[in-house]
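Chemist: Sequence and computational prediction follow.
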Amino acid sequence: MAATAAEALRPTGIQFGRGIRRFGWTIAVYVLFGVLMVVTVIIKPDYGSFEWNTLTLAALPLAFAAAAQTMVVLSGGIDLSVGPLMALANVLALRAMVGHDLRYSLGVALIVLFEVTLAGALNGVIIVVTRVPDIVITLATSFIWAGLALLVLAKPTPGIPLDFQNLAQGSTLSPWLPDALLLLVVFPLVWIPLRRSRAGLAIYAVGSDRNAAFRSGVNLGLTRVVAYAVGGFFAACGGLALSMTTGVGSPLAGTYYTLSGVSAIVLGGVSLAGGRGGMLGPIAAAYILSLIPAILIYLGIDPNYGQMIQGVLIVIVVMVGGIGTMLRRP
Amino acid sequence: MTHREWPLSAGRWVAALMVGAFALIACGGSTGGGGTTTKYIVGVSNTLQGNGWREEMICSIKAQAKASGVVSKVVIANRNTDAAGQIADIRNLISSGANVIVINPSDRDALNSVIKQATDKGIVVVAVDQAVSEPSAYVVSNDQVAYGNLGATWLAKQLNGKGNIIEMRGINGVPADTDRHQGLTAALAAYPNIKVVKQTFTNWSLDPAAQQMKDIFSSGIQYDGIWTSGIDSTVVDQFQSSNKTFVPIVGADNNKFVQELATLNTKGLKGAAVTNPPPIGGAGLAVGLAVLQKTHSYDHVIHLTPQVWDNTTSDGVAKLASTYDSSLDPYYSVAFDVKPYTTYSKQDLISCAGPS
């Protein structure tokens, strides 16, 4: 994929070529998204702001789920509890927000973000202290968070204040600039400072080579806990996004987001081995994965092919990415 | 230099592949459609795949669309997803120009704003099988509270008002499951000596139900009867494969369960099938089309009252035996239509073909 982009843009200098190679996958994912959008508009010439709103609403929770997973995977882990953490945030928000106004709800949202960030951090602490593999611990904690969500709220219940829902469902500035798109501003606000900080560098270091990182004086345990905590923060954002888009609190809300989050990061160029990738790719991937069902509906294709097409797309992209990486090695 | 040329050609390959794939998709989409008279587009939204009941429901919608003669296209959004995903699906169906949207809702309240958006555009929205709370939608469903109530009452009477029962529910939190549980709880309030000793969620899927039965057998829980939310023959099968003595089982009017009730009564299986016809989907479409064409006005909530078919009398067994339909899929319901709403034939349902 990197090569395709490079060819299309005709790099002139070494500096530029290096940039293409470094961000090749991300650029390719955005190109793929662009191509899919063009295809969508060709299929559906009257594609308008309503359809664009549909896409931004559907992609919002998935983008956050992908971000949560990205944080953990970059540090060399994997978090199977992203979905349940989203559900936990979702039900906590409902319990506290019912019958209150926007200001109160925003206060609740902040508290929920804090609580679920702590829950994420706890994932990390348990992993670091027990030295049991991430996949085992987060699988176990996924049941704990899911159980906790059921304890907080036994069944789906409506009552998220309308003003709070409108934070995602409205389009304040322009029909083509839906609020669900503007909410993505959370990503640069959290990611850019983190990426440039010592902690961000440490996360990449720990993810790519734990021994080397340790020998360079990186605090392994703390770094991993930070990665899980920021992951928890993004999962909480995802849960709140679900509150905004559905208006209900549901203890099973996150069910589909753990694995579709993994799909999104794989498609978005984050290496599951850790230490490689960024935040821009997974966001575009979330948009791609949300656009595919829409395209299938517009085309009237047998929906049973939907998941297959999604799977094939991921395999192709990852395969091409893998070939690219392999051939780049001297 | 050689190692730099490889990725370029690999990239070209991929580009070619992708263009090909898109062309294929685009061609697939451009064929079909195009009626001569004013015809309607029907949208369908379902969020549970791999479930016989739901498959039959979708087939009944297709069959009714074909039989009505006024539908040019049925657009189906069918995938395993949650309320947020269903909202996106319904919005996409609105974008597809649907005139009637038939939904099997995954949540009673979460879809309200998108349903309101649809009805504001003049689209008739019909929730089938389960209720939604949005008043502008039509709800055509089995009375799911009565479904829970009737089955539980039968079971309690069968146990002479005393004993332990297992409640095998559907999907936690979806409207039909909540309503059935409410009906069951209300029925059992009259029988203080009946205790629900175990509650499971089968997610209306066969495998979890089978696993749960195995767990129940090995856990040593004392049970005298089992109420299921429609994953019934799986439970019977587990009794048979584990060589356990049957206890009274309540299920739905699913083909295989009906057959088992009619044949295994000689081996001590007592049970009751509470009706819950999947062709409610086709009935919902018929209601939606009538409202759209203004040929008939309907109440916004239409409930079917379920019946109880048990195998404790010879008449009951004869009725069950005659109801079993070998031409239908074992995991389909025996009901292939919902009169007076649906107008298609059984063959239409089996062929599962919409208007071409």
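Modeler: Cool, got the structure.
Chemist: Tell me how many other residues crowd B:N203.
Modeler: Neighbours of B:N203 under the rule other CB atoms under 10 Å in any protein chain shown: 19. C-beta coordinates here come from the backbone N, C-alpha and C atoms, glycine included.
Chemist: What is the burial count for the nearest residue to it once chain neighbours are set aside?
Modeler: Leaving aside its chain neighbours, B:N203 sits nearest to B:I171 (5.2 Å; criterion: CB to CB, 6 or more residues apart in numbering or on different chains). The number of residues packed near B:I171 is 19, by other CB under 10 Å.
Chemist: Would you list the phi and psi of B:I171?
Modeler: With angles defined as degrees, to the nearest 10, B:I171 sits at phi -100, psi 130.
Chemist: Ok, B:V44 next?
Modeler: According to degrees, to the nearest 10, the main-chain angles of B:V44 amount to phi -130, psi 130.
Chemist: contacting residues around it?
Modeler: Contacts for B:V44 were tallied using CB atoms under 8 Å, 6 or more residues apart in numbering or on different chains; they are B:58, B:61, B:74-78, B:93, B:101-103, B:281.
Chemist: go with 10 Å
Modeler: A:303, B:57-58, B:61-62, B:65, B:74-78, B:89, B:93, B:98, B:100-104, B:128, B:281, B:284-285, B:354 (CB atoms under 10 Å, 6 or more residues apart in numbering or on different chains).
Chemist: Please point out which parts of the helix or strand where B:V287 lies sit buried.
Modeler: Using DSSP states H and E, B:V287 sits within helix B:280-293. Neighbour-count burial for helix B:280-293 flags B:280-292 (criterion: 16 or more other CB atoms under 10 Å in any protein chain shown).
Chemist: Over to stretch A:117-136?
Modeler: A:117, A:119-128, A:134.
Chemist: same check, this time on stretch B:56-70
Modeler: B:56-68, B:70.
Chemist: again, but for stretch B:263-283
Modeler: Burial within stretch B:263-283, assessed by neighbour count using 16+ other CB under 10 Å, is assigned to B:264-265, B:269-283.
Chemist: same question, stretch A:177-191
Modeler: For stretch A:177-191, the neighbour count (16+ other CB under 10 Å) marks A:178-184, A:186-187, A:190-191 as buried.
Chemist: Among the buried residues of stretch B:263-283, which are located in helices?
Modeler: Residues of those located in helices (DSSP state H): B:280-283.
Chemist: what's the closest of those to chain A?
Modeler: Among these, B:G281 lies closest to chain A (CB to the nearest CB), at 15.2 Å.
Chemist: Which residue comes closest to the closest one once chain neighbours are left out?
Modeler: Closest residue in space to B:G281, ignoring its immediate chain neighbours: B:M57 at 3.7 Å, by CB to CB, 6+ apart.
Chemist: and the one you found, what element?
Modeler: Counting by DSSP H and E, B:M57 is found in helix B:52-68.
Chemist: what angle do that helix and helix B:280-293 make?
Modeler: 40 degrees (axes from the mean of the first three to the mean of the last three CA atoms, to 10 degrees).
Chemist: The following helix or strand past helix B:52-68 close to chain A?
Modeler: Moving toward the C-terminus from helix B:52-68, the next helix or strand (DSSP H and E) is strand B:71-78. Yes - Strand B:71-78 lies within reach of chain A by CB under 10 Å from any CB of the partner chain, at B:73-78.
Chemist: Which elements pack onto the helix or strand just after strand B:71-78?
Modeler: Remark: after strand B:71-78, the chain's next helix or strand is helix B:83-95, criterion DSSP H and E. Judged by 3 or more CB pairs under 10 Å, 6 or more residues apart in numbering or on different chains; DSSP states H and E, helix B:83-95 is in contact with helix A:49-74, helix A:220-246, helix A:280-299, strand B:40-46, strand B:71-78, strand B:100-103, helix B:112-120, strand B:124-128.
Chemist: where does the chain have low pLDDT?
Modeler: Answering for chain A, as no chain was given. A:1-21, A:303-304, A:325, A:328-330 (pLDDT under 70).
Chemist: Chain B was what I was after
Modeler: B:1-38.
Chemist: Spatially central residue for it, please.
Modeler: B:R54 (3.6 Å; CA atoms, centre = their mean).
Chemist: Can you pull the domain assignment for chain B?
Modeler: Chain B resolves into domains spanning B:40-143+B:278-305+B:331-351, B:144-274 when parsed by automatic domain parsing.
Chemist: out of these, deepest packed?
Modeler: Among the domains of chain B, ranked by average contacts under mean count of other CB atoms under 10 Å in any protein chain shown, first place goes to domain B:40-143+B:278-305+B:331-351 (a mean of 22).
Chemist: In terms of helices and strands, where is A:A96?
Modeler: Using DSSP H and E, A:A96 sits in helix A:82-97.
Chemist: and if you look at A:L122?
Modeler: Residue-wise, A:L122 maps onto helix A:102-130 under DSSP H and E.
Chemist: That helix packs against which elements?
Modeler: Taking 3+ CB pairs under 10 Å, 6+ apart as contact, the helices and strands that helix A:102-130 lies on are helix A:49-74, helix A:82-97, helix A:134-152, helix A:162-169, helix A:220-246.
Chemist: any chance of those helices in JSON lines, with distance to A:V312 too?
Modeler: Below are the helices and strands packed on helix A:102-130 laid out as JSON lines (distance: least, CB to CB, whole Å):
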{"stretch": "helix A:49-74", "distance to A:V312": "19"}
{"stretch": "helix A:82-97", "distance to A:V312": "24"}
{"stretch": "helix A:134-152", "distance to A:V312": "25"}
{"stretch": "helix A:162-169", "distance to A:V312": "31"}
{"stretch": "helix A:220-246", "distance to A:V312": "26"}
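Chemist: okay if I get those as JSON lines plus distance to chain B?
Modeler: JSON lines is the format used below for the helices and strands packed on helix A:102-130 (distance: least, CB to the nearest CB, whole Å):
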{"stretch": "helix A:49-74", "distance to chain B": "4"}
{"stretch": "helix A:82-97", "distance to chain B": "10"}
{"stretch": "helix A:134-152", "distance to chain B": "8"}
{"stretch": "helix A:162-169", "distance to chain B": "7"}
{"stretch": "helix A:220-246", "distance to chain B": "4"}
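Chemist: ok, so what distance separates A:A227 from A:I137?
Modeler: Separation of A:A227 from A:I137 (CB to CB, to the nearest Å) stands at 14 Å.
Chemist: These two: who's more crowded?
Modeler: Per other CB under 10 Å, whichever of A:A227 and A:I137 has more neighbours is A:A227, with 32 against 24.
Chemist: if I pick the residue lying closest to that one once chain neighbours are set aside, what's in contact with it?
Modeler: The shortest distance from A:A227 to any non-neighbouring residue, by CB to CB, 6+ apart, is to A:S75 (3.5 Å). By CB under 10 Å, 6+ apart, the contact set of A:S75 is A:124, A:134, A:202-208, A:210, A:213, A:220, A:223-228, A:230-231, A:274-275.
Chemist: Surely A:L36 is in a strand?
Modeler: No - read with DSSP: H, G, I helix; E, B strand; the rest coil, A:L36 is helix and lies in no strand.
Chemist: ok, it to B:A156 distance?
Modeler: 56 Å.
Chemist: got it, and B:T266?
Modeler: 25 Å.
Chemist: Same question for B:T119.
Modeler: As judged by CB to CB, B:T119 and B:A156 stand 41 Å apart.
Chemist: circling back: correct me, but the residue nearest to B:N203 touches B:W204?
Modeler: Yes - in this structure B:I171 lies within contact range of B:W204 using CB atoms under 10 Å: 6.1 Å.
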